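Enquirer: Quick one: sequence plus predicted model below, questions after.
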Amino acid sequence: MLYLDYNEKQMHGTKEFPIAFYHVDHNHPRYEMPFHWHKEYEIVKIIEGTFRLMLADSEIVAGPGENFFIPSGILHGGVPENCIYECLVFDLDILFLHTDVCRQYLKKIKHQDVIVHPLITAAEHSLCSIIDRIFSSMEKMPCGYELSVIGSLFEMFGLIFREKYYTESTSGCEPPFRHMEQLKPVFEYIEKHYSSGITLQQLSQISGMSPKYFCRYFQAIAHKTPVDYLNYYRIERSCALLSATDAPITSVAYDCGFNDCSYFIKLFKRYKHITPKQYQLQMKH
């Protein structure tokens, strides 16, 4: 799951069945979820612990038995806390291959005429039950599971419309989440240039905001200052390298934008509570 690529271009699933399932625990190299977006929709199911999702300018916390629904193209990130979670990433267009009767509803979601509530609590028994069936089919992949998953997705959206588990967009108003578009180029720039020096001035210019307003706006969305987020992203990149290679810690530090290896080790320990070397060894087992 390439959560470290802000605008994910990876195909989830296959062309014929564009639906993918991911199981993530604390040993997964993509355990944390830096800000990213993708054209697919996503459902995140919490198995254990808690998960703090940043979506638009909101922060939503979910626990075991609860789910997040994340729309297409929306910048989002998350912080798991002692958490095991699973993700279903799917292209809504697979459901458009059917009748116009179904399409008229799905278009409302695709065009953001209606916004599905982002948090699906355990109190929504019927909806959670359908989601459980989808995740179970994707995990076990029994014969014919593709039919079951597509059928259950239709059932899920049917229930969402029947129970009005959404908010209608107000006519004439700016589409929801659109104000976050200004930050997408900033995150893309961090992705491409994290290994070299990045200044606050550069990031504010990319956003088209003054440095002062940019810092305030960025922190409201990311719940971190730009500098803190850059360090966080570099540490997450280092985790990917440490888990996939036997590269020396010094090389990993430099490759991830740290000119001072001692500072890298100190910062890594602050975020991960172990040293980079300990993390590298842990990922080998």
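Expert: Yes, it's here. Numbering: from 1, shown residues only.
Enquirer: where does stretch 260-280 sit relative to the chain's centre, distance-wise?
Expert: 24 Å (C-alpha atoms, centre = their mean, to the nearest Å).
Enquirer: One more: stretch 158-172?
Expert: Using C-alpha atoms, centre = their mean, the offset of stretch 158-172 from its chain centre is 23 Å.
Enquirer: Point out where the stretch 151-285 of the chain drops to low pLDDT.
Expert: Scanning the stretch 151-285 of the chain with the threshold set as pLDDT under 70 gives 171-179.
Enquirer: And the strands in it, which stretches?
Expert: With strands called from DSSP state E, counting those that start in this stretch, the stretch 151-285 of the chain shows them at 166-168.
Enquirer: Look at the residue nearest to residue 271 when sequence neighbours are not counted and say how many residues are nearby.
Expert: What sits nearest to residue 271 in space, not counting adjacent residues and going by C-beta to C-beta, 6 or more residues apart in numbering, is residue 235, at 4.9 Å. C-beta here means a position set from N, CA and C on the backbone, and glycine is covered the same way. The number of residues packed near residue 235 is 21, by other C-beta atoms under 10 Å.
Enquirer: Please give me every residue in contact with residue 235.
Expert: Residue 235 sits next to 256, 267, 268, 271, 272 when contact means C-beta atoms under 8 Å, 6 or more residues apart in numbering.
Enquirer: ok, those vs residue 202, which is closest?
Expert: The shortest gap between residue 202 and any of these belongs to residue 256, at 17.9 Å (C-beta to C-beta).
Enquirer: Go through the contacts of residue 235 and give me the one with the most neighbours.
Expert: Neighbour tally across the contacts of residue 235 (other C-beta under 10 Å): the maximum, 27 neighbours, falls on residue 268.
Enquirer: that older thread, just send the contacts of residue 235 back as CSV, with distance to residue 18 too.
Expert: As requested, the contacts of residue 235 are exported to CSV (distance: C-beta to C-beta, whole Å):
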residue, distance to residue 18
256, 32
267, 38
268, 36
271, 34
272, 34
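Enquirer: Looking at these, spot the one nearest residue 222.
Expert: Proximity of the contacts of residue 235 to residue 222 (C-beta to C-beta) peaks at residue 271, which lies at 15.1 Å.
Enquirer: Residue 233 is in contact with the closest one, correct?
Expert: No - in this structure residue 271 lies outside contact range of residue 233 using C-beta atoms under 8 Å: 10.8 Å.
Enquirer: ok, now how distant is residue 103 from residue 112?
Expert: As judged by C-beta to C-beta, to the nearest Å, residue 103 and residue 112 stand 16 Å apart.
Enquirer: Also residue 144?
Expert: In this view, residue 144 and residue 112 are 33 Å apart by C-beta to C-beta.
Enquirer: Could you verify my assumption that residue 84 touches residue 25?
Expert: Yes - using C-beta under 8 Å, residue 84 is in contact with residue 25, at 4.7 Å.
Enquirer: Comparing residue 144 and residue 112, which shows the higher neighbour count?
Expert: Legend: neighbour count by other C-beta under 10 Å for residue 144 and residue 112, higher for residue 112 (16 against 9).
Enquirer: The more buried one contacts residue 169, doesn't it?
Expert: Yes - with contacts counted by C-beta under 8 Å, residue 112 reaches residue 169, the gap being 5.9 Å.
Enquirer: one step back: nearest to residue 239 among the contacts of residue 235?
Expert: residue 272 (7.4 Å).
Enquirer: Could you report the neighbour count for the nearest residue to that closest one once chain neighbours are set aside?
Expert: Of all residues not flanking residue 272 in the chain, residue 279 sits nearest, at 5.9 Å (C-beta to C-beta, 6+ apart). A total of 19 residues lie near residue 279 under the criterion other C-beta under 10 Å.
Enquirer: same check, this time on residue 264
Expert: 23.
Enquirer: That one and residue 180: what is the separation?
Expert: Using C-beta to C-beta, one gets 30 Å for the distance from residue 264 to residue 180.
Enquirer: is it true that residue 105 lies in a strand?
Expert: No - under DSSP: H, G, I helix; E, B strand; the rest coil, residue 105 sits outside any strand and is assigned helix.
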